[in-house]
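A.B. asks: Predicted model and sequence follow; I will ask about them next.
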Amino acid sequence: MFLKILLVLLVSMVPLIELRGAIPIAIAMGIDLPEWAVLLIAIIGNIIPVPFIYFFARRILEWMAKSSWKPLRKAGKFFLKKGEKAGNKLLEKVHSGLYVALYLFVAIPFPGTGAWTGTLAASILNLDFKKSMVAIISGVVTAGVIMLLISLGLFRVIFG
């Protein structure tokens, strides 16, 4: 049981997979926990990396952009430029609704969206930490509920 819980927690921390993959995995494994507990474990796992991403992602990209090794320098500059360009384009469109847009980006469980990407964007754009965390954590909870409902419905249809 402990290993299954740990697996759900760890899978929730993995970029791109996050709780969007951890919840269906937990349901498919038949983890012997109430659904709310599976949801809570996945949410916690998904949120653990968020502050680290926020505080270190931009610094790592800036360090890469100053690297003496050309491929690393090019990658760092590329990601910073691309992130800032996309972020500024978003800022022009949403203005005061920026944190609502960040919430929706994290909350909608599509590939490429989620806590990792949303936090990376907040870090690159130097958004307010507290407001970003509220938007991202709210988005993670919403995405978790959506994924739990989808997973329960899908597995009940398949396995009766």
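C.D. replies: Perfect, I can see it now.

A.B. asks: So which residue is dead centre in the chain?
C.D. replies: Centroid check for the chain by Cα atoms, centre = their mean gives Ala115 as the closest residue, at 1.8 Å.

A.B. asks: hang on, that one packs against Pro51?
C.D. replies: No. Using Cβ atoms under 8 Å, Ala115 is not in contact with Pro51, being 10.8 Å away. The way it works is simple: take the backbone N, C-alpha and C, and place the C-beta from them, glycine included.

A.B. asks: Tell me who's in contact with the residue nearest to the centre of the chain.
C.D. replies: Glu18, Asn46, Ile47, Pro49, Val50, Ile53, Val106, Ile136, Gly139, Val140 (Cβ atoms under 8 Å, 6 or more residues apart in numbering).

A.B. asks: quick one: it and Trp63, what's the gap?
C.D. replies: Distance from Ala115 to Trp63, counting by Cβ to Cβ, to the nearest Å: 23 Å.

A.B. asks: confidence score at Leu90?
C.D. replies: pLDDT, Leu90: 78.

A.B. asks: now Ile146
C.D. replies: Note for Ile146: predicted pLDDT of 94.

A.B. asks: what's the helix or strand for it?
C.D. replies: helix 129-159 (DSSP states H and E).

A.B. asks: buried residues in that helix?
C.D. replies: By neighbour count on 16 or more other Cβ atoms under 10 Å, the buried set for helix 129-159 is 132-133, 135-144, 146-148, 151.

A.B. asks: same deal with stretch 75-93?
C.D. replies: Buried positions in stretch 75-93, judged by neighbour count with 16+ other Cβ under 10 Å: Gly76, Lys77, Phe79, Leu80, Gly83, Gly87, Leu90.
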